[in-house]
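[1] Okay, predicted coordinates and the sequence, questions at the end:
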Amino acid sequence: MKREYSKHETDYIKKYQDEGYTDNYLFDGGCLMDTETKYKYQPDEIYIVAQHRYEGMSDPDDMSILYIIETKDQRKGTHLLGYGPTADLEEAEFFKDIPKVNYTKNSDINELT
């Protein structure tokens, strides 16, 4: 695995916000909702530009994935997904349902610098 930029999600969120990924998305009612427009996206309307995985140093249950997202209508933002034993299974399934062709080549955590 290549070296990560940061050990904290907030550092990457700030970095991507500076690059124009300013929208925030929440999982709501089986969809990913843009908190500003309230539009609810289906899995095939989401494109994953990058993803960064984190594991808590002091608490192994503190695990998350930061998704860098573009949408079918060209909005750009981030979503933080908890995973592991306390994960929301419906939310995790939503991300599994995003078509593989909607993931950029560099979205693989192992390909990131």
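    That came through fine. Numbering: from 1, shown residues only.
[2] what sits opposite Q51 in the beta ladder?
    According to DSSP bridges, Y67 are recorded as the beta-bridge partners of Q51.
[3] Settle this for me: it is touching I65, isn't it.
    Yes: Q51 is within contact range of I65, at 5.5 Å (criterion: C-beta atoms under 8 Å). (Glycine included, C-beta is placed from N, CA and C.)
[4] Which neighbours do the two have in common?
    Counting by C-beta atoms under 8 Å, 6 or more residues apart in numbering, Q51 and I65 have no shared contacts at all.
[5] ok, now how distant is the residue nearest to the spatial centre of the chain from K76?
    Compute the mean C-alpha point of the chain, and by C-alpha atoms, centre = their mean the closest residue is Y67, 1.5 Å away. From Y67 over to K76 the distance is 12 Å, taken as C-beta to C-beta, to the nearest Å.
[6] in whichever strand or helix holds Y16, what counts as buried?
    Using DSSP states H and E, Y16 sits within helix 9-18. Judged by neighbour count (16 or more other C-beta atoms under 10 Å), helix 9-18 contains these buried residues: 12-13, 16.
[7] Check which helices and strands that helix is in contact with.
    Packing partners of helix 9-18 (3 or more C-beta pairs under 8 Å, 6 or more residues apart in numbering; DSSP states H and E): strand 46-55, strand 63-71, strand 76-83.
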